[in-house]
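Peer 1: no sequence on this one, just coordinates:
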């Protein structure tokens, strides 16, 4: 699931607040329909907006308002119904259609019935189909949707990935600490058979650790799952490379999965 926009987050809050019986799209977007109604017909499929005006013919100001509001509401409605479709697909909400609701026309909003009006019909088949599909369905939120809203609208995949990142960072820290301890021990012990890492080996290891540090920093700053997965794969490859260099010395490390490269004097 993708990251939600501010508008979509606000719609989620409204869904959660009104969850349950008699919770339709009409209840969720009612506050955004001042002086406007949405009408949905199902046979044949049609949908449009009805704007209340003060006289039989709209004034120039009313014409401008209708043009601007039509564009604004078209985008808004498309966002709302697509959001419901995505939330249902991901199991965050449940939609229930009772009886013959799917065949009934409906009209909702805040237009004034006994005053003149101007109608606008949607031309986009996608908007018409989505309105016909979702306007008569009751919306029920799940416990997971409640947690999703309370946790800052972070998708479950993103939450799992962040946990994996923390575990990976801890594991890398432990592994690198063990490597550094072993390298330091071999460099500074003074027994006759002590082993020394030459300058080239030291430089290669230092560069490897520095690259891993930079990639860890990029993971912390980047919230993109696909990008971070590639970074982790590169870090794993870099650790394998460091491990190969260390194995050339053939001295066992405190941690059984790593060996440090060293030579006798």
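Peer 2: Arrived safely, thanks for sending. The structure displayed is predicted, hence computed values, not measured ones.

Peer 1: residue 62 contacts residue 54, correct?
Peer 2: Yes. Using CB atoms under 8 Å, residue 62 is in contact with residue 54, at 7.4 Å. (Each C-beta comes from the backbone N, C-alpha and C, glycine too.)

Peer 1: which other residues reach stretch 63-72?
Peer 2: 36, 49, 51, 58, 118, 120 (CB atoms under 8 Å, 6 or more residues apart in numbering).

Peer 1: again, only this time at 6 Å
Peer 2: Contacts with stretch 63-72, where a contact means CB atoms under 6 Å, 6 or more residues apart in numbering, come from 51, 118, 120.

Peer 1: who touches the helix or strand harbouring the second one?
Peer 2: Taking DSSP states H and E as the definition, residue 118 sits inside strand 117-121. Applying CB under 6 Å, 6+ apart, the set of residues contacting strand 117-121 from outside is 48-53, 58, 66, 70.

Peer 1: where does pLDDT dip in this structure?
Peer 2: The chain contains residues with pLDDT under 70 at 1, 20-21, 99-102, 156-165, 169, 171-172, 175-176, 178-206, 208-210, 212-265.

Peer 1: neighbour count for residue 62 and residue 54, which is higher?
Peer 2: The residue with more neighbours, out of residue 62 and residue 54, is residue 62; 17 against 11, by other CB atoms under 10 Å.

Peer 1: show the contacting residues for the more buried one.
Peer 2: With CB under 6 Å, 6+ apart, residue 62 has these contacts: residue 53.

Peer 1: now it: which helix or strand?
Peer 2: helix 60-89.

Peer 1: what's the angle from that helix to strand 117-121?
Peer 2: Angle of helix 60-89 versus strand 117-121, following axes from the mean of the first three to the mean of the last three CA atoms, to 10 degrees, is 50 degrees.

Peer 1: following helix 60-89, which helix or strand comes up?
Peer 2: Using DSSP H and E, the helix or strand that follows helix 60-89 in sequence is strand 93-96.

Peer 1: so which bits of the helix or strand just after that following strand are buried?
Peer 2: Note on strand 93-96: by DSSP H and E, the next helix or strand toward the C-terminus is strand 106-109. By neighbour count on 16 or more other CB atoms under 10 Å, the buried set for strand 106-109 is 106, 108-109.

Peer 1: looking at these, which is nearest residue 15?
Peer 2: Compare each of those with residue 15 using CB to CB and the shortest gap goes to residue 108, at 16.1 Å.

Peer 1: isn't the closest one right next to residue 24, touching?
Peer 2: No. The criterion here is CB atoms under 6 Å, and residue 108 misses it with residue 24 at 7.7 Å.

Peer 1: do a quick rundown of the strands in this structure.
Peer 2: Per DSSP state E, the chain carries strands over the ranges 36-42, 45-52, 93-96, 106-109, 117-121, 138-141, 195-196, 251-252, 259-260, 263-264.

Peer 1: can you lay out those as CSV showing distance to residue 132?
Peer 2: Output for the strands of the chain, formatted as CSV (distance: least, CB to CB, whole Å):
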stretch, distance to residue 132
strand 36-42, 6
strand 45-52, 5
strand 93-96, 13
strand 106-109, 10
strand 117-121, 14
strand 138-141, 16
strand 195-196, 77
strand 251-252, 70
strand 259-260, 66
strand 263-264, 77
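
Peer 1: deepest in the core, which of those is it.
Peer 2: Of the strands of the chain, the one with the most neighbours on average (mean count of other CB atoms under 10 Å) is strand 259-260, at a mean of 23.

Peer 1: ok, and the closest non-adjacent residue to residue 23?
Peer 2: Counting by CB to CB, 6 or more residues apart in numbering, residue 23 lies nearest to residue 139, which is 4.8 Å off, once chain neighbours are set aside.
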